[in-house]
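S.K.: Provide a 3D model corresponding to the input given below.
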Amino acid sequence: MNHFLDIDKTDPAALRSIIDQAAAMKSARAGRPKGTPDDDQPLAGRMVALIFEKPSTRTRVSFDVGVRQMGGQTLVLSGGEMQLGHGETIADTARVMSRYVDLIMIRTFEEDTLLEMAEHATVPVINGLTNRTHPCQIMADVMTFEEHRGPIAGRKVTWCGDGNNVFASFAHAAGQFGFDLTFSGPETLDPERGFIDAARAKGVTVDIDRNPERAVTGADLVVTDTWISMHDSQTAKERRHNQLRPYQVNAELMKHAKPDALFMHCLPAHRGEEATNEVMDGPNSVVFDEAENRLHAQKAIMRYCLGV
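M.R.: Below you'll find the predicted structure:
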C-alpha cells in the first residue's frame, strides 16, 4: 500500500513513473469527449472517498472526473457532513472509512489531520492539500513544464510571492527532480527554513533573493500564487498586498527571465494582483494546461497508490 502524502516522502523513481504514466494517459485520451471512459479501467469496482474540509474547485472536479474515467466510483464528503476530529477521532474515522472504500483523498487544514488519517487507515491516503503542502499540484506543474520544455532536471524555477504551501511542495520537488529554485518575496512571508535546507541537502541550489528582477534572471519557469487566502481578514489582506506588491509578475518582470520562460499559477488567480492579465493570457502562460494536468497527474497518483 502506497500513500501519497508529500513529494519528499515518495521515491524519485516512483515520482518519475507517475509523471510518465500521466503523460501516457493524457495522450491516450486526446480528442475524446470528456465523459468517455478510458480504454483501461484500473479502478473498476473501486470506491474512492474524497474528503473536503477546505472548499475546492479544481481538486474536487479533477479527482471526481479522474476516478470516473478510470471506472471507479466516488463518495464526496465535506467537513460539515462529517465528525472528523470533533464527534469522532480522526483515527476512528480512518479505521471506519477503510472498511467502506478503497482509497481516501483528503483536502484539509492541518497537516496532523492528514498524517493521523494515513497512520490509522488501512487503505491508501492522498494529500489533496494541507496548510503546509500541495503535492498533487506540483506533480501537475512538473508534468506541464516537461510537456512544453522537456526534462525539468537542471532547470531554474523562480517563485515570486508568498512562501506558502505550494512553494513548499516546489521545494520538495526541486530535491526529488533535480532542478534549482529561487524564492523572491518579503522576509515576513519566507517559507519554512526546513523546506529549503532539505532540498539543498539533495544537491540542488535553492536561493532567496529579495530583488525580483534579479531572481527571475535566467529562469526557465516563473511561478506565483494568490496573495491572500479565502480565510484572511480584511486587515490581513491589506497587509499582504502592501508586502507583496513589489513581487507582482508582470510583462516587465518576465523580460528578465529567459525568452522562452514559462509562467505558471495554480489558480484561482486574482488578476491584476499577483499577476497581470498580460502575463496570465500571454504566449508564455501555461496556466490552463497546468489546470488540466491536475486530472492526468492525479489519475496516475491514484494508480500508484492502488498498485494498478
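
S.K.: what about Val166, how many residues close to it?
M.R.: 24 (other Cβ atoms under 10 Å). The C-beta positions use only the backbone N, C-alpha and C, and glycine is treated the same way.

S.K.: am I right that it is in contact with His134?
M.R.: Yes. Between Val166 and His134 there is a contact under Cβ atoms under 8 Å: 4.9 Å.

S.K.: find residues that contact each of those two.
M.R.: Taking Cβ atoms under 8 Å, 6 or more residues apart in numbering as the criterion, Val166 and His134 both touch Cys266.

S.K.: what residues does the residue nearest to Glu273 when sequence neighbours are not counted make contact with?
M.R.: Leaving aside its sequence neighbours, Glu273 sits nearest to Trp227 (Cβ to Cβ, 6 or more residues apart in numbering; 5.8 Å). By Cβ under 8 Å, 6+ apart, the residues touching Trp227 are Gly161, Asp162, Lys237, Arg240, His241, Leu244, His270, Glu273, Glu274.

S.K.: write a ChimeraX command that selects only the buried members of the residues you listed.
M.R.: Selection of buried members from those for ChimeraX, criterion 16 or more other Cβ atoms under 10 Å:
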select :161,162,240,244,273,274
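
S.K.: so for the contacts of Trp227, which is the shakiest by pLDDT?
M.R.: Lowest pLDDT among these: Lys237, with 81.

S.K.: can you tell me the SS state at that residue?
M.R.: Here Lys237 is helix, with the state taken from DSSP: H, G, I helix; E, B strand; the rest coil.

S.K.: any idea how far the closest residue to it other than its chain neighbours lies from Ile138?
M.R.: Leaving aside its sequence neighbours, Lys237 sits nearest to Ile228 (Cβ to Cβ, 6+ apart; 4.9 Å). Remark: distance between Ile228 and Ile138 (Cβ to Cβ, to the nearest Å) = 21 Å.

S.K.: same drill for the two, tell me which one is more crowded.
M.R.: Ile138 (26 against 19).

S.K.: could you dump the helix or strand hosting that one to PDB, C-alpha only?
M.R.: For Ile138, the host element (DSSP states H and E) is helix 135-149. C-alpha atoms of helix 135-149 as PDB (Å, rounded to 0.1, in the frame of the first residue of the first chain):
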ATOM      1  CA  PRO A 135       1.900  17.900  -3.700                       C
ATOM      2  CA  CYS A 136      -0.700  17.000  -6.400                       C
ATOM      3  CA  GLN A 137      -0.500  20.500  -7.800                       C
ATOM      4  CA  ILE A 138       3.300  20.400  -8.200                       C
ATOM      5  CA  MET A 139       3.200  16.900  -9.900                       C
ATOM      6  CA  ALA A 140       0.900  18.600 -12.400                       C
ATOM      7  CA  ASP A 141       3.300  21.500 -12.700                       C
ATOM      8  CA  VAL A 142       6.300  19.300 -13.400                       C
ATOM      9  CA  MET A 143       4.200  17.400 -16.000                       C
ATOM     10  CA  THR A 144       3.200  20.600 -17.600                       C
ATOM     11  CA  PHE A 145       6.800  22.000 -17.800                       C
ATOM     12  CA  GLU A 146       8.100  18.800 -19.300                       C
ATOM     13  CA  GLU A 147       5.400  18.500 -22.000                       C
ATOM     14  CA  HIS A 148       6.400  22.100 -23.100                       C
ATOM     15  CA  ARG A 149      10.100  22.200 -22.500                       C
END
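
S.K.: any idea how far Ile208 is from Ala173?
M.R.: Separation of Ala173 from Ile208 (Cβ to Cβ): 17 Å.

S.K.: which one's more surrounded, the two?
M.R.: Legend: neighbour count by other Cβ under 10 Å for Ala173 and Ile208, higher for Ala173 (24 against 16).

S.K.: check contacts around the more buried one.
M.R.: Contacts of Ala173 were listed using Cβ under 8 Å, 6+ apart, and they are Ile7, Ile138, Met139, Asp141, Val142, Phe179.

S.K.: could I get these as JSON lines with distance to Gly66?
M.R.: Converted to JSON lines, the contacts of Ala173 look like this (distance: Cβ to Cβ, whole Å):
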{"residue": "Ile7", "distance to Gly66": "19"}
{"residue": "Ile138", "distance to Gly66": "17"}
{"residue": "Met139", "distance to Gly66": "13"}
{"residue": "Asp141", "distance to Gly66": "17"}
{"residue": "Val142", "distance to Gly66": "17"}
{"residue": "Phe179", "distance to Gly66": "26"}
